[in-house]
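1. From the sequence below, what's the structure:
(one chain, ligands or ions: 2)
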Amino acid sequence: MERECTLILLKPDTIERNLVGEVINRIEKTGMKIVGIKMFRMTDELVAEHYSHLTDKPFFKDLRDFMMETPIIALVIEGFEAVKRVRMLAGSTNPREAMPGTIRGDYSISTRKNVIHASGTIDEAKAEIKRFFREDEIFDYIRKNAMDYIVS
Ligand code: IDP
Ligand code: MG
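-> Ligands and ions are numbered 1, 2, ... in the order given. Sure, this is the predicted structure:
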């Protein structure tokens, strides 16, 4: 099994509702490692690139405006099968289908305002990490006092 990285965005509703710590706590509890973290504002261009599969949807303009309501927080998370695990932690896009115990199941208030973005595939993760992070903003380090306990 290979170590991998995934991208998380804490969307403006997370910042507006003071849920930043709650969401990051859930990620930390999995044992996966934070290897990049930053706050910045989305731009028209970045939203159009990040959500290029949605630019022709009727809800795109509202989605773009929402993503620029506040600065957002981006994280790069490293761990075994990180992409799949963070996706499971995030829960379904549709708030009515998001399971209790998942981040969206517990906190999303609409299909748009759903707290978190998580890369869908390993290839998507690679492209998305490049979109938001320079190479020197991603760290390689050992946690001497923590156990990355899911090893197989
Ligand atoms: P995902 O975030 O679960 O991967 P995508 O289909 O890639 O879901 O959509 C990206 C984001 O666009 C969603 O997280 C949500 O914020 C927004 N979105 C998707 N579908 C709708 C919709 O039908 N109405 C409003 N916003 C939507
Ligand atoms: Mg998606």
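
2. if I pick the nearest residue to residue 28 once chain neighbours are set aside, what's in contact with it?
-> Nearest residue to residue 28, sequence neighbours excluded (C-beta to C-beta, 6 or more residues apart in numbering): residue 34, at 7.3 Å. Any C-beta I mention is one placed from the backbone N, CA and C, and that applies to glycine too. Contact analysis of residue 34 by C-beta atoms under 8 Å, 6 or more residues apart in numbering lists 24, 27, 28, 75, 76, 77.

3. In strands only, show me these.
-> Among the contacts of residue 34, the members falling in strands (DSSP state E) are 75, 76, 77.

4. For stretch 128-147, which outside residues touch it?
-> So stretch 128-147 is contacted by 5-7, 9, 31, 33, 35-36, 38, 40, 46, 49-50, 74, 76, 119 (C-beta under 8 Å, 6+ apart).

5. filter these to the buried ones?
-> 5-7, 9, 31, 33, 35-36, 46, 50, 74, 76, 119 (16 or more other C-beta atoms under 10 Å).

6. can you put the ones in strands among the contacts of residue 34 in JSON lines and add pLDDT and distance to residue 125?
-> Listed next are the ones in strands among the contacts of residue 34 as JSON lines, based on pLDDT from 0 to 100; distance: C-beta to C-beta, whole Å:
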{"residue": "75", "pLDDT": "99", "distance to residue 125": "12"}
{"residue": "76", "pLDDT": "98", "distance to residue 125": "9"}
{"residue": "77", "pLDDT": "98", "distance to residue 125": "9"}
